[in-house]
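Q: no FASTA, just this:
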Ligand SMILES: Cc1ncc(C[n+]2csc(CCOP(=O)(O)OP(=O)(O)O)c2C)c(N)n1
Ligand SMILES: CC(=O)[C@@H](O)[C@H](O)COP(=O)(O)O
Ligand SMILES: [Mg+2]
C-alpha cells in the first residue's frame with residue numbers, strides 16, 4: 001500500500017479512508033513519531049498511545065468547528081500531523097519550530113495551549129456555554145488523561161458539565177499512568193472499569209444480532225438498551241460518572257479504531273454531556289516505550305530509535321543533588337516526609353520513596369491539595385517537603401499563602417525547573433515564583449548557586465518550623481561549586497577588587513552566579529570596579545546588603561525570574577529604606593510569555609547572558625556615575641584604577657577565563 005500519511009492534508013481526508021488504509025496510517029504515524037521524536041526529543045509515549053483515538057476523533061467530529069481540546073497538550077502530536085503540520089516535526093520544540101503543545105498561532109484546530117494539566121474540561125464547559133449563548137450549539141470534545149483527571153479543576157468542571165444538557169464530550173484517555181501509575185480512588189475506579197474492555201464489543205455483537213432478528217429484535221434491543229445500564233453496572237460499575245449525571249460510554253479499547261469511532265458516534269449522537277472511557281497504552285506499538293517501566297518514554301531528549309536509549313548523558317544535575325540530600329535528611333530526621341504531584345522521579349523523590357515508602361506521598365496532579373495537605377501534616381508534627389516544578393506551584397499560590405503562610409506552617413517547597421526551561425514553551429518556564437512568593441508574610445526563600453549551597457539551603461529550610469520555606473533551582477546543568485571569597489552577614493562575596501568601595505555591586509540570585517561572574521569579568525574589562533555577591537536568601541533580605549550597597553556607586557541584581565516584583569525589586573525596596581538615593585537596576589526575565597527554544601537561546605533572546613548582563617550593567621553605571629563606557633577605564637566614581645584587580649577564589653579565576661557567553 002502506498003503511503004497514506006503522505007497524502008494526508010487535513011482531517012477531511014481521513015473520512016475517505018478505508019479500514020485498511022486507516023490501519024496502515026496508524027502504523028505510518030507511529031513510525032513517523034519514533035523517527036522524528038528520536039531526533040528532537042519530546043513526549044513519545046503519550047502520543048504513541050493516542051494514535052487511534054485521535055484519528056477516530058477527527059473522523060467523527062468536525063474540527064475546528066467542533067473543537068477538540070487536549071488536556072496538558074503533550075499528547076497532541078497526532079492531532080498536529082492530521083491537521084497539516086507533519087512537515088514541521090523536524091523543528092519540534094525548537095526555536096521558531098513546532099511547539100510541543102497545541103498552539104493557536106500554528107493552527108485553527110488548536111483552541112487551547114496551556115500545558116498545565118486538568119484545564120481542558122473547564123475550557124470545554126466555557127466554550128459549550130458560549131456556543132449555547134450564541135445559539136450555535138455544537139459538540140465540544142475534551143481529551144483528558146487519567147492523570148490529569150486527578151486534578152481538582154477537572155472535578156469543578158465535571159460538576160458544571162454534568163449539571164447541564166450541553167454537548168460536552170469528555171474523552172478519558174486512560175492509560176493508567178501519569179509518569180508513574182496514576183494514584184488514588186479515581187485511578188482505582190478507572191482500573192476497575194478498564195478490566196472490562198470487551199464490554200462495548202460484546203454490546204455491539206448483541207445489538208447486531210437483535211437488529212437482524214425481525215419483529216422481536218428491535219423492541220428487544222430497546223429493552224436491552226435499558227438493561228445495558230444494568231449490564232454495565234454489572235460488568236462495569238461506573239456509578240461515579242452516571243451518578244454525577246454524565247452518560248458513560250465504555251470502557252472502549254483505545255486502540256480499536258472501529259470501536260472508538262462507534263463510541264464517539266454514540267457520544268456525538270447523544271447531544272448532551274457524555275464521557276467516553278478509552279483504555280489505551282502509553283508507548284503502544286513501540287517496544288522500547290512499552291517496556292520502559294519508569295514512564296513508558298513519557299518525555300525526554302533525543303534517543304536511539306532502535307533501542308529507545310537516551311542519547312543525552314546523565315551528568316550532574318540539581319535534581320540529583322536534591323534527591324541525594326533529601327534522603328540524607330530523611331535518615332537524620334524522621335519528621336521529614338515528601339510529597340509529589342504525580343512526578344516522583346522527575347522531581348527526584350524516587351530514592352526517598354524507595355528508602356522511606358511510608359513517608360513519601362504521591363497526591364496525583366493536585367498541587368493545591370499537596371500544599372494544604374502538607375499544612376495538615378505540619379500541624380500534626382511533621383516537616384513536609386513538597387517537590388514541584390516551579391511553574392506548577394502557580395496554581396497553589398492561595399494554598400501557600402493562606403493554608404501554609406497564615407498558619408505559619410513549617411512546610412518546605414522545593415522548586416525544580418525554576419527560571420527559563422525552554423523547550424516546553426511559555427507555560428512551563430518557572431519564572432513567576434520569586435515575584436509571586438515574596439508577598440507571602442513570613443516566607444523564607446533561598447536560591448542555591450551550586451551543590452554545596454543547595455544542600456545547606458535545604459537543611460536550613462528544614463529547620464524553619466514556623467513558616468513556609470522555598471528552595472528553587474533551574475533545569476540547566478549543574479556546574480562546579482562556586483566558593484565564596486568571604487562572607488559578610490550571611491551574604492557570600494564571590495568576587496571583588498582587593499580594596500573597599502566599588503563602582504558596582506552585582507547581586508547574583510541563585511544559579512545566575514556563573515553568568516554574573518562572567519559578566520563581572522566583562523564589566524571589569526570596561527574599567528569599572530565590581531563586587532559580585534550571592535545573598536543566598538531572597539527573603540528575608542539579608543541586612544548585610546545595606547552595607548555592601550553603601551560601598552557601591554550602583555547596585556544591579558540579576559535573577560532567573562520575572563523582573564517585576566522579583567528578587568531585585570525586593571532588594572531595591574529594602575535598600576531604599578536604608579538609603580533613599582541608592583541607584584538600583586534589576587536584570588531578569590521580562591513579563592512576557594516566552595516562546596519555546598533551547599534555554600540558551602531563550603536566555604540570549606532576553607539578554608540573560610554574561611554579554612547581556614554586562615552590557616546593561618555598564619550602561620546603567622555609565623548613566624549614573626557620569627562616565628561614558630569609553631572613558632570608564634579612567635576609573636573615578638567610588639573606586640579608580642587602570643583596569644581593575646579583580647579577586648575571586650583561585651579556582652574560579654582560572655575558570656573565568658572560559659566564561660560562558
Ligand atoms: C499542573 C501540572 N502539574 C504537573 C504537570 C506535569 N505533567 C505533564 S504530563 C503529566 C502526566 C499526565 O498524565 P495523563 O493526564 O494521564 O496523560 P498521559 O501522559 O498519560 O497521556 C504531568 C504530571 C503538568 N503538565 N501540569
Ligand atoms: C508535559 C510534561 O511532561 C512536562 O511536565 C514537561 O515535559 C517536563 O519536562 P522536563 O522534565 O524535561 O523538564
Ligand atoms: Mg495517563
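A: Received it, and whenever you're ready, just let me know what you need. What you see is a predicted model; the values in this text were computed from it and never measured. Ligands and ions are numbered 1, 2, ... in the order given.
Q: switch to C-alpha atoms for all contacts and neighbour counts from now on
A: OK.
Q: now do the strands in the stretch 201-350 of the chain.
A: Listed in chain order, the strands found in the stretch 201-350 of the chain under DSSP state E, counting those that start in this stretch are 247-253, 274-279, 336-340.
Q: helices and strands around the longest one, which ones?
A: Strand 247-253 sits against helix 199-211, helix 239-244, helix 257-270, strand 274-279, with contacts defined as 3 or more C-alpha pairs under 8 Å, 6 or more residues apart in numbering; DSSP states H and E.
Q: can you list the buried residues in the third one?
A: In this case it means helix 257-270. 257, 259, 260, 261, 262, 263, 264, 265, 267, 268 (16 or more other C-alpha atoms under 10 Å).
Q: what of the last one?
A: Using 16+ other C-alpha under 10 Å as the test for burial, strand 274-279 gives 274, 275, 276, 277, 278, 279.
Q: okay, and the beta partners of whatever residue of the chain ends up closest to ligand 3?
A: At 3.9 Å from ligand 3, residue 177 is the closest residue in the chain, using C-alpha to the ion. Using DSSP bridges, the beta-bridge partners of residue 177 come out as residue 181.
Q: burial count for it?
A: Taking other C-alpha atoms under 10 Å as the neighbour definition, residue 177 ends up with a count of 22.
Q: what does residue 152 give?
A: For residue 152, the count of nearby residues is 18 (other C-alpha under 10 Å).
Q: let me know the pLDDT of the closest residue to it other than its chain neighbours.
A: With C-alpha to C-alpha, 6 or more residues apart in numbering as the measure, residue 366 is the residue that lies nearest to residue 152, at 6.4 Å, once sequence neighbours are left out. In this model, residue 366 is scored at 98, pLDDT.
Q: show me what contacts the spatially closest residue to residue 305 that is not a sequence neighbour?
A: Leaving aside its chain neighbours, residue 305 sits nearest to residue 38 (5.7 Å; criterion: C-alpha to C-alpha, 6+ apart). Counting by C-alpha atoms under 8 Å, 6 or more residues apart in numbering, residue 38 makes contact with 301, 302, 303, 304, 305, 308.
Q: now with 10 Å, please.
A: 32, 44, 300-306, 308-311 (C-alpha atoms under 10 Å, 6 or more residues apart in numbering).
Q: I'd guess it is in a strand, am I close?
A: No - the assignment for residue 38 by DSSP: H, G, I helix; E, B strand; the rest coil gives helix, which leaves it out of any strand.
Q: relative to ligand 2, how far out is it?
A: Taking C-alpha to the nearest ligand atom, to the nearest Å as the criterion, residue 38 is separated from ligand 2 by 14 Å.
Q: and the gap between that residue and residue 92?
A: The spacing between residue 38 and residue 92, counted by C-alpha to C-alpha, to the nearest Å, is 11 Å.
Q: for residue 370, same thing?
A: When C-alpha to C-alpha is the yardstick, residue 370 and residue 92 sit 33 Å from each other.
Q: and the two? Which one has more around it.
A: In terms of neighbours (other C-alpha under 10 Å), residue 370 is the more surrounded of residue 370 and residue 92; the figures are 27 against 24.
Q: any idea of the pLDDT on residue 343?
A: Among the per-residue scores, residue 343 shows a pLDDT of 98.
Q: surely it and residue 298 touch.
A: No - with the criterion set as C-alpha atoms under 10 Å, residue 343 and residue 298 do not qualify as a contacting pair; they are 11.2 Å apart.
Q: overlap in contacts of those two?
A: Between them, residue 343 and residue 298 share these contacting residues under C-alpha under 10 Å, 6+ apart: 178, 179, 180.
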